[in-house]
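attaching a predicted model along with its sequence, questions to come.
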Amino acid sequence: MKFMMKEFIDTNIIIYSIIATECKEKHEISKNLILSHSFTASTQVINESLYTLRKKKEIDCDRLLDEFFEFFNIVTLLKSTLISARELRNKYQFSYWDSFIVASALESDCSILYTEDMKHEQLIEGKLRIINPFI
């Protein structure tokens with residue numbers, strides 16, 4: 001039986017995958033990453049993505065939300081996630097919002113978190129590696 005690493009995706013990767021006008025290179029990398037991997041995302045990441053995309057250009061949020069459910073395993077933030085996020089924020093000095101993403105990835109048993117917002121190659125709790133796909 002082949003072991004599959006679980007991977008978590010941050011908002012910025014989703015945004016780049018949809019909007020090509022700001023940075024074509026990041027758009028291509030993000031789009032190819034999403035199409036070639038099976039990702040977990042939190043409700044926070046989905047909400048941030050929809051909010052940002054709606055501000056940046058006219059999109060059909062209902063259609064996009066349906067597509068998110070097709071592409072991502074979506075997990076919710078629980079009380080345990082919030083408590084863990086607080087502990088991670090204090091231990092690693094993450095931003096408030098990044099700590100929720102890291103806590104969600106850890107609770108989902110992911111071994112990789114794709115983001116450009118945190119330190120590339122950092123290992124969190126001996127379990128979760130931060131990967132910046134643009135490096």
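That came through fine.

got the contact list for Ser80?
Residues in contact with Ser80 (CB atoms under 8 Å, 6 or more residues apart in numbering) are Glu107. (Each C-beta comes from the backbone N, C-alpha and C, glycine too.)

ugh, wrong one, I meant Tyr92
99, 102, 124.

over to Asp109?
By CB under 8 Å, 6+ apart, the contact list for Asp109 reads Lys6.

what's the answer for Ile14, then?
30, 34, 41, 45, 49 are the contacts of Ile14 under CB under 8 Å, 6+ apart.

if we go to 6 Å?
Ser49 (CB atoms under 6 Å, 6 or more residues apart in numbering).

gap between the nearest residue to Asn73 once chain neighbours are set aside and Glu28?
Closest residue to Asn73 apart from its sequence neighbours, by CB to CB, 6 or more residues apart in numbering: Thr40 at 4.5 Å. Noted for Thr40: a distance of 23 Å to Glu28, by CB to CB, to the nearest Å.
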